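Undergrad: this one's structure only:
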């Protein structure tokens, strides 16, 4: 073999694959050579076998899946990787082999892909091996016999390793029948690698064969047992309504089921009980409850936990994980990538692998996207009941990804339950990928996977109608006065804005005046730390829900917030002021108004909502000017179509009018003039957001596609503000030669040793979980300046947070951002550096993360 370096040609002999190292091991004497490539590959193959054996959806995995997982690291049998390990352990290097060359083809995974291709592996298999670190390696135009990979001699050793693994596992590569199955197999390969790289297998002197089941147990893949024969009343302490009973009757096998029903009808309980029936019958492996935003998931987690406590058997091992939302984070050891500081330690990701989780729809949508570890999400969702809550017709303009997700889940043996108050006929058809004709409301549409292309449409009689008075208002000062007046009377007011900045400004405007007249005022949005957000949510959602009925008449209140108030929260207002939004969102917001008949109310209250909206003609000509920031959150075209529908309405009957106003808003039509321009922008996008055509391209789910894998932080899953960058909020940061000391916002401190081996893994988990509660997620334009990875490592933050992989020049998630909160609430960088080039940044526990344009100072 010859290896080219700086135009010279050097002969390097191949090393027998049996003596090629795969890992390093931290011993008392320092870093030493760990497991061999053969040993590690066999471990991963046996872990994959164990995972398949335990999966209720094991029928989805083709014969040979475990062998595929085992061959993931055959590319480590190469001269560059050999020297990389030897260099780390101060061992004897192969002469004139530069391991830094691995960066140009993204490391050993690319060599695994090329090896499988050289051996004629079936379709999809080479790409599965190449992507086992989550992204596509840069191997276009390269071959396994190339000199940089060791030429024919090293390729021969890799082929011997493949043959040895085939004999050991008694399997060969499978024939993969679909892209969905390929994504499932890719996810199995990555997860098996993580577990097989965990602490159970680190010491090469310890036999590994008996440790595989224990490692899989510790990763959380343990059997789940349920109480049998529970009725709806047993689980929820009340009898089901007709719509709930009808959905439960229809969900009898995997497939796609849509429940369209008004706000407050109990769609959540209906979907959860249907999920219980599927679990009890052995037709599902778990539940993933996907919500529009992380904020709403915090509150519904309590309801989800209550549900699980009822249905899980007393001896079920998963009951212990119900004590805390982050229990899975604390207790389960997902191996290398799942440790603190690994790419998969974050709770929002790990929940997809847990048997039961509440999370965001964004995490599920990435299962169909070409993003890092997208296929791990597909593996985590396979065979589960996936409940998609609060799906709207507006998603027709952002929801190509959602359509692709539903189809993928159907192919992965899932039971998909879609909950919505506001779908039109076309949107329903797209989600089902089946023709649908019914226009009744409420409506259940069932598409069982075992009935080919059949669908069943069941209309449900309307039980009761509520009439709401509607007023379009352009005078915002008048709306403020009205809100204060009604709150002074004792009414409970909701004020909903479409952006965090506008909600913060409105709160500052109202709060001081409210205090003068004895009215309480609160603010709720997405850009608080987890600790502050949960404190605010606990107080205000309880005050506006059933738990606050006894306090309702004591004081008038105004709760200002963003879209988080429209979704999945059981809150009940007497009067509402809302910034104008698409019809779907307006209907959702009206669902928080006079929600329960027996809620105690001020005698002067009446069910009424004021919509802050511009003149239609002016808005059509210049939506950015007249809708303001809302035109950058929602499509101007949809806003104008919605305003057409609402401009002449003095009242609306719910749910009777829902179907009509949705269809009027979204029915396709030819446009002229300015409206044709906004429709074109909706299709093709603008400088602020991708159009639906571009999103359709992102939804392609082929594993073998060319192009770069998107980092998660750049994976746009919705046509709105994207809070994709993590900012760690601290009061102070100090370090010496041995440790860093982080002061949290409440004054408490967290100590991080600079050496990982100074703490046990459980201690690192606890510290990391504490720090994660100090995170705020912000959009790209509002994030602080990025810090070099080396700066963050000086404070030991790589032990808690994933900082990317600079060794491979990976275009990955942006590194963690850190902001220090001063006494004046203004944010500064580490060592008092400027934190943003254009804006002043602040953080207050009542306002959250705030961006102030410098000219506003």
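TA: Structure received. The structure presented is a predicted model; accordingly, all values stated were derived computationally and were not measured. Numbers count the residues shown, from 1 in each chain.
Undergrad: can you give me how far stretch 372-392 is from the chain middle?
TA: On the basis of Cα atoms, centre = their mean, to the nearest Å, stretch 372-392 sits 9 Å off its chain's mean C-alpha point.
Undergrad: what about that stretch, average pLDDT?
TA: For stretch 372-392, mean pLDDT rounds to 91.
Undergrad: what kind of secondary structure is the residue nearest to residue 839 when sequence neighbours are not counted in?
TA: Computed as Cβ to Cβ, 6 or more residues apart in numbering, the closest residue to residue 839 that is not its neighbour in sequence is residue 851, at 5.0 Å. C-beta coordinates here come from the backbone N, C-alpha and C atoms, glycine included. With DSSP: H, G, I helix; E, B strand; the rest coil as the basis, residue 851 sits in strand.
Undergrad: Residue 851 contacts residue 835, doesn't it?
TA: No. Contact criterion Cβ atoms under 8 Å: residue 851 and residue 835 do not qualify, at 11.0 Å.
Undergrad: sorry, back to before: can you pull the pLDDT of the residue nearest to residue 839?
TA: Reading off the model, residue 851 has pLDDT 94.
Undergrad: Then residue 484?
TA: Residue 484 carries a pLDDT score of 98 in this model.
Undergrad: Domains of the protein: list them as residue ranges, please.
TA: What automatic domain parsing lists as the domains of the chain is 2-218, 234-459, 466-667, 725-856.
Undergrad: just how off-centre is the third one within its chain?
TA: If I follow you right, that is domain 466-667. 27 Å.
Undergrad: any idea how far residue 390 is from residue 589?
TA: With the distance defined as Cβ to Cβ, to the nearest Å, residue 589 ends up 12 Å from residue 390.
Undergrad: Residue 206 - how many residues pack around it?
TA: 10 (other Cβ atoms under 10 Å).
Undergrad: what sits against it?
TA: Contact analysis of residue 206 by Cβ atoms under 8 Å, 6 or more residues apart in numbering lists nothing.
Undergrad: does it sit in a helix, a strand or a coil?
TA: Residue 206 ends up coil, using three-state DSSP.
Undergrad: Do you know the pLDDT at it?
TA: We have a pLDDT of 92 for residue 206.
Undergrad: again, but for residue 396
TA: Residue 396 is assigned 58 on the pLDDT scale.
Undergrad: when you give positions from now on, start the count at 55
TA: From this message on, residue numbering opens at 55, which makes the last subject residue 450.
Undergrad: May I see the domains of the chain arranged in a markdown table, with distance to residue 737 as well?
TA: As requested, these are exported to a markdown table (distance: least, Cβ to Cβ, whole Å):
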| stretch | distance to residue 737 |
| --- | --- |
| domain 56-272 | 26 |
| domain 288-513 | 9 |
| domain 520-721 | 9 |
| domain 779-910 | 24 |
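Undergrad: so which of these gets nearest residue 282?
TA: With Cβ to Cβ, the closest approach to residue 282 among those belongs to domain 288-513: 5.9 Å.
Undergrad: measure the closest one end to end?
TA: 27 Å (Cα to Cα, to the nearest Å).
Undergrad: show me the contacts for residue 314.
TA: Per Cβ under 8 Å, 6+ apart, neighbours of residue 314: 474, 475, 477, 482, 495, 496, 497, 498, 499.
Undergrad: Let me know the closest of the residues you listed to residue 627.
TA: Ranked by distance to residue 627 (Cβ to Cβ), those are led by residue 475 at 16.9 Å.
Undergrad: State the distance from the closest one to residue 447.
TA: 10 Å.
Undergrad: Compare the two (neighbour count), which wins?
TA: When neighbours are counted by other Cβ under 10 Å, residue 475 and residue 447 differ, and residue 475 comes out ahead with 26 against 23.
Undergrad: which residues touch the more buried one?
TA: In this structure, residue 475 makes contact with 314, 315, 316, 317, 321, 444, 641, 642, 645, 709, 712, judged by Cβ under 8 Å, 6+ apart.
Undergrad: Tell me the pLDDT of the residue lying closest to the first one once chain neighbours are set aside.
TA: Nearest in space to residue 314, with sequence neighbours left out and distances taken as Cβ to Cβ, 6+ apart, is residue 497 at 4.6 Å. pLDDT recorded at residue 497 is 94.
Undergrad: Report the helix or strand with the lowest average pLDDT across the chain.
TA: The helix or strand of the chain with the poorest confidence is strand 62-65; it has a mean of 42 (mean pLDDT, DSSP states H and E).
Undergrad: any idea which helix or strand comes after that one?
TA: Downstream of strand 62-65, the next assigned helix or strand under DSSP states H and E is strand 78-81.
Undergrad: so what's residue 715 up against?
TA: By Cβ under 8 Å, 6+ apart, the residues touching residue 715 are 637, 641, 699, 700, 706.
Undergrad: Output the contacting helices and strands for the helix or strand residue 686 falls within.
TA: Element membership of residue 686, judged by DSSP H and E, is helix 684-687. Other elements packing on helix 684-687 under the criterion 3 or more Cβ pairs under 8 Å, 6 or more residues apart in numbering; DSSP states H and E are helix 677-680.
Undergrad: Excluding sequence neighbours, find me the nearest residue to residue 135.
TA: Nearest-residue entry for residue 135: residue 162, 4.9 Å, with adjacent residues in sequence omitted and distances by Cβ to Cβ, 6+ apart.
Undergrad: What's the local residue count around that neighbour?
TA: When neighbours are defined as other Cβ under 10 Å, residue 162 has 26 of them.
Undergrad: Same question for residue 331.
TA: Applying other Cβ under 10 Å, we find 18 residues neighbouring residue 331.
Undergrad: Likewise for the one 10 residues further on?
TA: Each residue near residue 341 was counted by other Cβ under 10 Å, and the total is 26.
Undergrad: Specify the beta-bridge partners of it.
TA: residue 410, residue 439 (DSSP bridges).
Undergrad: For it, give me its contacts.
TA: Contacts for residue 341 (Cβ under 8 Å, 6+ apart) come out as 326, 329, 333, 409, 410, 411, 438, 439, 440, 441.
Undergrad: So which residues of the stretch 705-854 of the chain form strands?
TA: In order along the chain, the stretch 705-854 of the chain carries the following strands (DSSP state E, counting those that start in this stretch): 705-708, 779-784, 786-789, 793-797, 803-807, 829-832.
Undergrad: out of those strands, nearest to residue 69?
TA: Ranked by Cβ to Cβ, the member of the strands of the stretch 705-854 of the chain that lies closest to residue 69 is strand 803-807, at 36.5 Å.
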